[in-house]
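1. Provided below are the primary sequence and the corresponding predicted coordinates.
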Amino acid sequence: MFTTFVGTSAANSPRSSRSAESVINSVSPDGPQQPRPRQKRSQVTRACDWCRVHRIKCDNNHPCLNCQNRGGQCSNDRTGQVRTLPHAFREIERLKKRNQELQKELEEERNRSRNQAIAAAGASNPQLLTPPSTSSVPPTAAIAAPSGLSLDDGGSSKKYWEGIYTSTARSGAKTWYGPASLLYFISRLNAFLASTLQHHVPENYMQPNSASRLLDGPTSPHSEKLADERGHAPLDDPLKAKEYLTPTQEEYFLDFYWQSYHTSMLVLDEDDFRQHYKSLWAGSGKSRKPSALVDIVIALCMQYGMARGRGNRGSSVRSADVDTNDATLAGRWHYCRCQNLLACELESPTISTLQCNILSVIWLCCASFQNMADSTLALTARTAQMLGLHLPPPQDMPIREKEMRRRLWWSIYVLETKTSMKLGRPFVLHLSQVNCGLPGDDHEVATQSGSNFAPLGEHTTWLSWNLHNTKLVLAVRDVYTAFYEKYPDFFDGDSHQTIYEAQAAMETYAEFLLTHMRKLENWVKDVPDALKTKRKDHGTPLSTDRSSLDIEQFAPLWVQRQRLLLELLYHNLCTNLYRPFISFKSDPSAAPASFPQSSSLAESCAHSCASHAMTFTHVMRQVLSTTDILTGWQEAFQWQWNCAMTLVGFVLAYPHGEMAQAARDAIHASIDALSIFGNSFAVAASAANLVRTLSETVDNVVASQPENRPLTLDEGHKLMAQEDQAMSISQGEQPVVSMGQADLAFPDLDEETVATMQDILAGSMDMAFAIDGYNGNSILWPSIDLIG
């Protein structure tokens, strides 16, 4: 009746167990109990090295519990290691970004410190001088400090190298020239002569009577003197007549460009220019369409063509007076028309606008308007930045256009650097703002350059000169900047002492300069042999052994000129870098009589300055007297003028040194070179007359100090009289007394005589292109029929 079912035991059933547990909980007097929550496992960011190696659990403490129990060191050195390639790339990008941020912060801090120092100086003296290296300070804040004035910069005492304020234009307003300028060196030379001859020199003794003192600018009318004499402008005044050249005449002048400026100032594409020029004559055979670029090229070629034509025909030194056909002002009307056309392009500049500005700077320098050239150069630099030339060219741009943009940018940079160092003024452009690479010079780039010049070697083309010329200027700029920025660190004398009187400071400065001059030694080693002019008698190119040149007879003219310009620029820039160590001392007994075997470093630098100036002079005289490679080349004339005046100062500073006689011989050689240049333009003839007169003064000063003693008052009076009379003779006046007369009365220096001498002397105020020292009464467009 009863059936027994055999099944699974309730005790063994999971469901039954849970049910039984529920029943027990339900009858529990404490009520139902909540289940215990599951404990969350603690997370460790990264195990320490010991736990990771032994594969045991670690914690986030430092040291961890395991290392504490074992009493060992707890470390985690592999935290920052890169384990994957993407991680490595991210780390590189992070470091690059951080490096840029740090550099930006450092530059901002430097600018802030400079601005604070200069603002503090300006509050105390509004006529202070700026150091030539204050490149990051805006023009409105660039206030200079005279020698000996301490500037409070966060508790530190800083000084700036003195400069000179002078007027070099028609206006009486004065402009500033820094300690690197030749004008400043001549002011030191003039002060030394005045002290040695014991006679006060008038303030206007250093003022030039240049074209910039006759005209307010190239576009201004003739001087007031001419207007009073003639009553009206002459009928042949190109500014009034606005004459055009015929197509034949334009072609005559344009041909000069491709064998002269084109290979030394790479700013034009020859093929593009010729096509542009041809298009201007389309539809008319009488006159071409207006073009600012063509006008400025013609104006520049007229300057060079006139000078070269006269130099090749001249057999005697021309007058020191500038006549109405002077070559330095040829092409004035074409320059003026170019500027009128450029005025319409200021808001929307193009590459052609930039090219016109560069060539305008060169023309202005040759016409003596140096401050106008400096201002135009600043406009040119800003225009280049507007066009983005300081940045890498777009990737999709053709190689030919990329290389032209690079050549344009670095041509502006080199020209601005040379001009700033020439005038001793702060730089406008800075490498920290430049991301554009140097221009190429390989055979592929040369093929696409638009000009057909034969290669100079396996790895050297006609573009290689431009590259090495740029590298030279960059190297010199590095030395120049470091040199003048160190002035406040080396000189701490009082306000009554100059750095030239602080021998210890000059020694430290010389050691610093010699260390940095190794950059130029490395540059010399990198110049290819194809760009060097060989020397005779196993002489070394680009050296100061003063061996004669072995000019390659059958090389093209542009190749010979490139080689010579590169070497001459090198010696001229080295002369300028070493020149601050030529120290004039009012008490000759305090100065060393010679360069002994154990001479000081400062004297060695002065010795190097004279060596480079003498080498330059001997090279220049040989080239001018045996070839026509540099005939009429105005920049070469300015370099020679700079070296000649430097040698005059060197002999006066060390009249009995072991190099004194060699330097005096080089001065006579410079007179020969300047006289040859005088066949091309009158300012060079004036320069030759002045150096000849100063050479006689130097000889008299040296002869009057056989044992390095100061001159007596009577001796000073005699030398001043002799110098005055010699200058009068050089200007064509009749001598009043004999040069050998011993009982000369002390003459009063009339302003006309002093001004005449300094009209010529002031021509040396510029070291690159600026032409000063004109004495002419009118400035007209040169007659074309004088060109051969």
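-> Cool, got the structure. Worth saying up front: this structure is predicted, and the values here are computed from it rather than measured.

2. residues contacting the residue lying closest to residue 559 once chain neighbours are set aside?
-> Leaving aside its chain neighbours, residue 559 sits nearest to residue 456 (6.7 Å; criterion: C-beta to C-beta, 6 or more residues apart in numbering). C-betas here are computed from N, CA, C, even on glycine. The contact partners of residue 456, taken as C-beta atoms under 8 Å, 6 or more residues apart in numbering, are 462, 464, 528, 530-531, 559.

3. those residues in strands, which ones?
-> If you go by DSSP state E, these have nothing in strands.

4. ok so the residue nearest to residue 559 is a strand residue?
-> No: per DSSP: H, G, I helix; E, B strand; the rest coil, residue 456 lies outside any strand segment and is coil.

5. torsion angles phi and psi at it?
-> Dihedral pair for residue 456: phi -100, psi -10, per degrees, to the nearest 10.

6. so how far is residue 549 from it?
-> Counting by C-beta to C-beta, to the nearest Å, the gap from residue 456 to residue 549 is 18 Å.

7. which positions within stretch 336-348 qualify as buried?
-> 336-339, 341-342, 345 (16 or more other C-beta atoms under 10 Å).

8. nearest to residue 50 among the residues you listed?
-> residue 345 (74.3 Å; C-beta to C-beta).

9. state the pLDDT value of the closest one.
-> For residue 345, the pLDDT comes out at 91.

10. one step back: include distance to residue 48 and secondary structure when you put the buried residues of stretch 336-348 into CSV, please.
-> Listed next are the buried residues of stretch 336-348 as CSV, based on distance: C-beta to C-beta, whole Å; DSSP: H, G, I helix; E, B strand; the rest coil:
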residue, distance to residue 48, secondary structure
336, 82, helix
337, 82, helix
338, 77, helix
339, 76, helix
341, 77, helix
342, 73, helix
345, 70, helix
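
11. tell me which two of these sit farthest apart.
-> Longest span within the buried residues of stretch 336-348, C-beta to C-beta: 336 and 345, 15.8 Å.

12. same question for stretch 676-692, mean pLDDT?
-> Across stretch 676-692, pLDDT averages out at 86.

13. what do you get for stretch 571-583?
-> Averaged over stretch 571-583, pLDDT sits at 95.

14. surely residue 572 forms part of a strand?
-> No: counting by three-state DSSP, residue 572 falls outside a strand, being helix.

15. what sits against it?
-> Here residue 572 is in contact with 612, 616, 639, 642-643, 767 (C-beta under 8 Å, 6+ apart).

16. list just the nearest of those to residue 651.
-> Nearest member of the contacts of residue 572 to residue 651, counting by C-beta to C-beta, is residue 643, at 12.8 Å.

17. that closest one: what's its closest spatial neighbour, skipping adjacent residues?
-> Closest to residue 643 by C-beta to C-beta, 6+ apart is residue 613, at 4.1 Å.

18. that neighbour belongs to a helix?
-> Yes: under three-state DSSP, residue 613 sits within a helix.

19. residues contacting it?
-> Neighbour list for residue 613: 571, 575, 643-644, 646-647, 650, 663, 666 [criterion: C-beta under 8 Å, 6+ apart].

20. please flag which of these sit within helices.
-> 571, 575, 643-644, 646-647, 650, 663, 666 (DSSP state H).

21. residue 546 and residue 391, how far apart?
-> 45 Å.

22. repeat for residue 678
-> To residue 391, residue 678 is 46 Å away according to C-beta to C-beta.

23. which one of these two has more residues nearby?
-> The neighbour count for residue 678 versus residue 391, taken as other C-beta atoms under 10 Å, is higher for residue 678 (25 against 14).

24. now that one: closest residue in space that isn't a chain neighbour?
-> residue 685 (3.2 Å).

25. next, the one you found: secondary structure please.
-> Secondary structure of residue 685, per three-state DSSP, is helix.

26. what about it, how many neighbours?
-> Around residue 685 there are 26 residues (other C-beta under 10 Å).

27. ok, now residue 486?
-> The burial count for residue 486: 16, using other C-beta under 10 Å.

28. quick one, what contacts it?
-> By C-beta under 8 Å, 6+ apart, the contact set of residue 486 is 509, 512.
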